[in-house]
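# pasting a predicted model and its sequence here:
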Amino acid sequence: MFSGLQNSWHRLCSERIEHLFATDKKRERKFSLERMSFLIDYSKTHLDREARDQLLRLCDSVDLADHILNLFSGKRINNSENRPVLHHLLRNSHQSSVMIDGHDPGPQVQSTLMDMRDLYKAIKGTVRLGSGGRFRDAVNIGIGGSDLGPAMVTEALRPYHEGLKCHFVANVDGANIHDVLKKLNAKTTLLIISSKTFSTIETVENAKTALEWLSRYGGNPSQQVIAVTAAPNRAQEFGIEDRNIFCFADWVGGRYSVWGPTGLPVMLAIGPANFAQFLRGAAEIDRHFQSTNWEFNLPVVLALLDIWHHQICRHPTRAVLPYDQRLALFPSFLQQLEMESNGKGVTADGSPLDQPAAPVIWGGVGTNSQHAFFQLLHQGGQVVPCEFLIAANGHEEALRHHHELLISNCLAQAHSLMVGRNLDETRAQLLAQGLAADACEQQSQHRIFIGNRPSVTIMYPKLTPKMLGRLIAIYEHRVFVEGVFLGINSFDQWGVELGKEVARDIHDKLCVSSASCGDDRGMSVLMKFLRQHRPVN
């Protein structure tokens with residue numbers, strides 16, 4: 001399917017990106033896309049018109065329109081689990097005509113959203129605790145999709161906080177929950193235990209510790225514990241009262257669940273009105289995705305760029321670089337969204353893939369990252385396509401000069417990665433700085449920037465709840481489109497299971513000095529050391 005594109009890459013790989021600008025004065029306009037208040041500039045890539053047209057033709061060759069229709073109509077496209085994929089209903093249920101086994105899920109989605117709003121209003125209004133005080137803090141206990149999404153969104157929308165102060169516990173490392181709880185008042189803290197299955201070991205263990213803390217320091221579990229789950233029976237068995245359980249369906253994948261009750265800490269932080277804007281932004285992208293021609297379709301264009309860089313150019317990683325301190329968690333969020341979705345070795349029918357599916361996603365927040373790993377991006381031996389994200393406006397009007405510096409750095413990095421600095425330019429600069437000729441020759445090789453490194457820049461007016469909703473939905477649909485091109489199931493995650501199973505076996509035997517670990521390959525030396533340095537229960 002990609003043979004024609006590979007021929008184009010062989011034609012273009014020795015071409016310098018800046019030369020493509022020199023031969024087409026309108027390149028910047030032709031290779032950028034402005035829709036839904038976003039500007040996506042992909043002119044600083046090796047694509048030319050012919051290669052882009054080849055990419056766009058892929059959409060029809062895989063019947064992308066039919067796949068999109070199947071996604072939104074409730075077909076069971078998650079074939080390994082025999083489930084539909086309907087997280088989009090969480091943000092657009094009032095316009096849904098989807099039926100699941102003869103049942104319209106829209107009213108239940110709306111009812112749960114109303115329950116979330118009622119909880120927010122009660123906490124802000126009349127609810128008083130046994131201590132006589134009111135809720136001040138919320139601790140969300142979850143992991144994976146029950147943590148990364150709500151934690152990222154809550155932090156990203158900090159300028160819109162008007163409710164509880166929300167904290168997040170995910171790691172089973174006791175340091176995580178210890179350091180969160182030690183600064184809180186148990187009498188005024190709400191616990192949210194968020195787990196799709198309500199059996200995830202990290203979440204269950206952290207929940208037990210939090211409940212013990214709540215009881216020990218005067219809290220009331222019947223008033224102060226909420227469960228968010230697709231398995232309400234297990235939450236009840238855990239001791240959580242039915243009235244305090246917020247449910248979602250199994251057709252909502254964990255990494256796609258922030259739009260529903262998993263996003264409860266987001267609503268508790270920013271309030272129902274802002275949360276509604278967050279949902280509205282995502283729903284707008286849903287409509288854009290379904291109705292827009294491929295060449296102007298934001299998720300489709302970004303997915304095609306991923307196919308170009310990873311499957312065709314064979315760049316194994318992609319750096320995500322938000323120039324926004326409040327999006328510091330965005331690269332981690334995308335790691336789960338993209339690598340858990342598309343990190344597969346087989347197609348949807350179980351056939352082996354003949355190439356890697358998902359690139360490795362990594363990155364960090366600018367400008368901090370410039371002083372950490374940008375050395376590798378500019379002068380390292382491997383090419384890393386970069387994805388810059390920047391808002392035209394910040395929230396701190398009195399610190400506008402800071403934002404101007406931020407924008408300047410973002411644009412400068414993208415430009416420098418493309419243009420670089422050659423040997424002659426480096427020599428001339430060093431001589432102009434007064435360096436002696438012999439020292440100049442010695443130093444110049446260290447200061448050359450090869451350039452010709454591809455990047456995409458995504459710009460938007462301001463990071464508002466609606467804009468963040470749009471941004472996340474773009475990435476969700478982008479991942480889906482990539483999965484369609486590769487013929488994989490983007491909505492299961494069996495790869496997380498094996499390590500969990502082995503961990504349970506090791507945990508059962510860890511503190512028994514005479515016990516074997518079963519399959520001891522590569523483990524016996526480690527276990528011997530642990531038994532020498534840890535007390536036996």
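Here it is on my side, so go on.
# so which elements touch the helix or strand hosting residue 477?
Residue 477 is located in helix 465-486, with elements delineated by DSSP states H and E. When contacts are defined as 3 or more Cβ pairs under 8 Å, 6 or more residues apart in numbering; DSSP states H and E, helix 465-486 packs onto strand 38-41, helix 64-73, helix 148-156, helix 272-291, helix 298-306, helix 341-342, strand 455-460. Every residue, glycine included, has its C-beta placed from N, CA and C.
# tell me the mean pLDDT for the following helix or strand past that helix?
Following the chain from helix 465-486 toward its C-terminal end, the next helix or strand by DSSP H and E is helix 497-509. pLDDT averaged over helix 497-509 equals 79, rounded to a whole number.
# list the buried residues of the helix or strand following helix 497-509.
Proceeding C-terminally, helix 497-509 gives way to helix 524-533 as the next helix or strand, assigned by DSSP H and E. Residues of helix 524-533 classed as buried by neighbour count (16 or more other Cβ atoms under 10 Å): 527, 531.
# ok, now stretch 366-381?
Within stretch 366-381, the residues scored as buried using 16+ other Cβ under 10 Å are 366, 367, 369, 370, 373, 374, 377, 378.
# distance between that stretch and the chain's centre?
21 Å (Cα atoms, centre = their mean, to the nearest Å).
# re earlier: I'd like the helices and strands packed on helix 465-486 laid out as TSV, including mean pLDDT and distance to residue 326.
Below are the helices and strands packed on helix 465-486 laid out as TSV (pLDDT from 0 to 100; distance: least, Cβ to Cβ, whole Å):
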stretch	mean pLDDT	distance to residue 326
strand 38-41	98	18
helix 64-73	96	30
helix 148-156	98	5
helix 272-291	97	14
helix 298-306	98	22
helix 341-342	95	24
strand 455-460	98	13
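# those into a markdown table, with extra columns for distance to residue 30 and mean neighbour count?
Conversion of these to a markdown table gives the following (distance: least, Cβ to Cβ, whole Å; neighbours: other Cβ atoms under 10 Å):
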| stretch | distance to residue 30 | mean neighbour count |
| --- | --- | --- |
| strand 38-41 | 11 | 18 |
| helix 64-73 | 23 | 16 |
| helix 148-156 | 32 | 25 |
| helix 272-291 | 21 | 20 |
| helix 298-306 | 13 | 24 |
| helix 341-342 | 29 | 23 |
| strand 455-460 | 15 | 22 |
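# wait, which of these is closest to residue 109?
Closest of the helices and strands packed on helix 465-486 to residue 109 is helix 272-291, at 10.6 Å (criterion: Cβ to Cβ).
# residue 108 is nearest to which of the helices and strands packed on helix 465-486?
When the helices and strands packed on helix 465-486 are ranked by proximity to residue 108, the top entry is helix 272-291, at 15.9 Å, counting by Cβ to Cβ.
# where do the strands sit along the stretch 201-350 of the chain?
If you assign secondary structure with DSSP state E, counting those that start in this stretch, the strands in the stretch 201-350 of the chain sit at 225-229, 245-247, 317-322.
# in JSON lines: the helices and strands packed on helix 465-486, plus distance to residue 402.
Conversion of the helices and strands packed on helix 465-486 to JSON lines gives the following (distance: least, Cβ to Cβ, whole Å):
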{"stretch": "strand 38-41", "distance to residue 402": "22"}
{"stretch": "helix 64-73", "distance to residue 402": "41"}
{"stretch": "helix 148-156", "distance to residue 402": "18"}
{"stretch": "helix 272-291", "distance to residue 402": "24"}
{"stretch": "helix 298-306", "distance to residue 402": "29"}
{"stretch": "helix 341-342", "distance to residue 402": "35"}
{"stretch": "strand 455-460", "distance to residue 402": "18"}
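# isn't residue 363 right up against residue 321?
Yes - shown here, residue 363 and residue 321 form a contact pair, counting by Cβ atoms under 8 Å, at 5.3 Å.
# re earlier: which ones among the buried residues of stretch 366-381 map onto helices?
Using DSSP state H to define helices, the subset of the buried residues of stretch 366-381 located there is 374, 377, 378.
# can you tell me which of the residues you listed lies nearest to residue 334?
Taking Cβ to Cβ as the measure, residue 334 lies nearest residue 377 of those, at 17.4 Å.
# what's next to stretch 115-124, contact-wise?
Here stretch 115-124 makes contact (Cβ atoms under 8 Å, 6 or more residues apart in numbering) with 134-135, 163-164, 190, 226, 246, 261, 264, 267-268, 271-272, 275.
# and that stretch, what's buried?
115, 116, 117, 119, 120, 123, 124.
# need the residues you listed in JSON lines (columns: secondary structure).
Rendered in JSON lines, the data for the buried residues of stretch 115-124 read as follows (DSSP: H, G, I helix; E, B strand; the rest coil):
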{"residue": "115", "secondary structure": "helix"}
{"residue": "116", "secondary structure": "helix"}
{"residue": "117", "secondary structure": "helix"}
{"residue": "119", "secondary structure": "helix"}
{"residue": "120", "secondary structure": "helix"}
{"residue": "123", "secondary structure": "helix"}
{"residue": "124", "secondary structure": "helix"}
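# okay, the buried residues of stretch 366-381 in a markdown table with pLDDT and distance to residue 9 next?
Output for those, formatted as a markdown table (pLDDT from 0 to 100; distance: Cβ to Cβ, whole Å):
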| residue | pLDDT | distance to residue 9 |
| --- | --- | --- |
| 366 | 94 | 29 |
| 367 | 96 | 32 |
| 369 | 97 | 28 |
| 370 | 96 | 29 |
| 373 | 96 | 26 |
| 374 | 96 | 26 |
| 377 | 96 | 21 |
| 378 | 96 | 23 |
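# closest one of these to residue 5?
In terms of Cβ to Cβ, no member of the buried residues of stretch 366-381 lies closer to residue 5 than residue 377, at 24.7 Å.
# follow-up on the earlier one: just the buried subset of the contacts of stretch 115-124, please.
Neighbour-count burial (16+ other Cβ under 10 Å) applied to those gives 135, 163-164, 190, 226, 246, 261, 264, 267-268, 271-272, 275.
# between those, which is nearest residue 415?
Closest to residue 415 out of the buried ones among the contacts of stretch 115-124 is residue 275 (37.6 Å), distances taken as Cβ to Cβ.
# that closest one and residue 332, how far apart?
Noted for residue 275: a distance of 22 Å to residue 332, by Cβ to Cβ, to the nearest Å.
# tilt between the helix or strand encompassing residue 139 and strand 225-229?
Under the criterion DSSP H and E, the helix or strand holding residue 139 is strand 137-141. Strand 137-141 and strand 225-229 meet at an angle of 40 degrees, taking axes from the mean of the first three to the mean of the last three Cα atoms, to 10 degrees as the criterion.
# quick check: residue 338 vs residue 65, distance?
If you go by Cβ to Cβ, the gap between residue 338 and residue 65 works out to 23 Å.
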